[in-house]
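>>> let's see this in three dimensions:
(2 chains, ligands or ions: 2)
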Amino acid sequence: MTATIDRIKEIVRGVLTDCRVDLVIGFRKGTVAMMNEPCFIKSPDEADQLVWDSNCGINLANYLANRTGKIGIIAKGCDSRNIATHIIENKIQRDQLFIIGVPCQGMVDRRRIIAMFDGEVREVVESDGRVTVKGADFEKTLEKSELLQQNCSLCTHRNPVIFDEMAADPVEEQQNVDRYADVKEIEALDSGQRWEYFEKLLEPCIRCYACRNACPLCYCPTCFVDESRPQWVGKSQNPVDVRTFHFLRAYHCAGRCTDCGACERVCPVGINMRVFTKKLEKDCFENFGWEAGLSPDVRPPLDTYSPDDPDDFIK
Amino acid sequence: MEHMGIEPGRLQFSWVSSAESTKFVSVVNEVTDIIKKLGPNDRFVKKDVRVA
Ligand code: SF4
Ligand code: SF4
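Ligands and ions are numbered 1, 2, ... in the order given. Model prediction:
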């Protein structure tokens, strides 16, 4: 980890000194534990602010859409796939970017860690695959691999898919993971039970739209939920409106979502709205063999037509 | 939609060309029959008004 961050800083200083980029998007330490925040590094001497550890779960591709000038960006596996998606969707040009790839071994689930302790978690330090959690009157060391965010524990693309320079050696990809066990469980329920399941899931939603704002795919200048003429979806807390927001947002992410987990991570009430996007991800994989953002040069299934596309739902 | 809990059958897709009037009629009849059997929709219906 320290070697990686030193190398990141070195690369960042280099590209800023040579004026290859105007700024670099990375992470610096946040004000509370386990909440590193995105930052824009504009001069070589600011590079020391940068950090890299298991609390960098926000997706930095979110800060790229429609940006002008030359941009450096630090990208783990999922960020790089969302960058590729941005390139496909013309939200940024490949030659504007200098991508510093960082192989990733998963981000820790801060909610799970907080729930494990009664007191406030003040500091979390990492070394050699273990994390030490410290509070005012407790300290405990845990295995990092048992504390991963769910999407990270199921991730099969930990190494960046596009990059200009790598900050560390590639890590081994996880094999034989059942990415869709949770979706299959929902699929096994009958229609009424599924309705109830989602009703319960979304019950605490306060419609703050943090999930949308953290998602790199949600870059529309005016989101459908904010439109008032026509008003596509009601703005109330009525469960129908809440559900409409969630399933429509998920549809807008179909074939594009990389399961980076940023949406779930930022939700103030801890809703796992990824079960919506994951169903579509699963369908895309099963029907079209598609995994989003693996290459900036392949068109996604929703904008290509092939005569043998599955069509048995059409009468 | 069905994954989310809409009853199977309530959502239907069809492709009818403007020249296929007979197909249009039969699709409409078929869909109407299926929906009548399902009865009134009680999901995705606002039962009360709630504000934050
Ligand atoms: S972040 Fe959570 S509470 Fe906010 S709109 Fe999304 S699901 Fe609802
Ligand atoms: S929907 Fe969620 S998991 Fe998918 S790309 Fe957006 S933030 Fe990431």
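>>> from now on I want contacts and neighbour counts done on CA atoms only, so please keep to that.
Fine.
>>> so where's the chain uncertain?
You didn't pick a chain, so chain A it is. Applying pLDDT under 70 to chain A flags residues A:1.
>>> could you do chain B instead?
For chain B, the ranges with pLDDT under 70 are B:49-52.
>>> from it, which residue is nearest to ligand 2?
Ranking the residues of chain B by distance to ligand 2 (C-alpha to the nearest ligand atom) places residue B:4 first, at 16.6 Å.
>>> pretty sure that residue contacts residue A:192?
No: in terms of C-alpha atoms under 8 Å, residue B:4 does not count as a neighbour of residue A:192; the distance is 9.3 Å.
>>> comparing the two, which residue is more hemmed in?
residue B:4 (21 against 13; other C-alpha atoms under 10 Å in any protein chain shown).
>>> now name the helix or strand holding that one.
Assigned by DSSP states H and E, residue B:4 belongs to neither a helix nor a strand.
>>> residues of chain A that sit close to ligand 2?
A:214-217, A:257-263, A:277 (C-alpha under 6 Å from any ligand atom).
>>> and if we set it to 8 Å?
For chain A, the contact set with ligand 2 under C-alpha under 8 Å from any ligand atom comprises A:59, A:82, A:211-212, A:214-218, A:249-250, A:253, A:256-264, A:273-274, A:277-278.
>>> so which of these sit within strands?
Among the residues of chain A next to ligand 2, DSSP state E puts none in strands.
>>> and residue A:131, that one's in a strand?
Yes: according to DSSP: H, G, I helix; E, B strand; the rest coil, the state of residue A:131 is that of a strand.
>>> just grab the bridge partners of it for me.
residue A:126, residue A:142 (DSSP bridges).
>>> hang on, isn't it packed against residue A:144?
Yes: with contact defined as C-alpha under 8 Å, residue A:131 reaches residue A:144; the gap is 5.7 Å.
>>> all strands for chain A, in order.
A:23-28, A:37-41, A:71-75, A:97-101, A:121-127, A:130-135, A:139-143, A:165-166.
>>> just want the angle from the fifth one to strand A:130-135.
It stands for strand A:121-127. 160 degrees (axes from the mean of the first three to the mean of the last three C-alpha atoms, to 10 degrees).
>>> output strand A:121-127 as CSV, nothing but the C-alphas.
Taking Å, rounded to 0.1, in the frame of the first residue of the first chain, the C-alpha atoms of strand A:121-127 are listed here in CSV:
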residue,chain,number,x,y,z
VAL,A,121,-14.6,4.5,15.1
ARG,A,122,-12.0,7.2,15.0
GLU,A,123,-9.2,5.7,13.0
VAL,A,124,-8.7,2.7,10.7
VAL,A,125,-5.2,1.7,9.8
GLU,A,126,-4.2,-1.0,7.3
SER,A,127,-1.2,-3.2,6.8
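>>> no further queries at this time; thank you.
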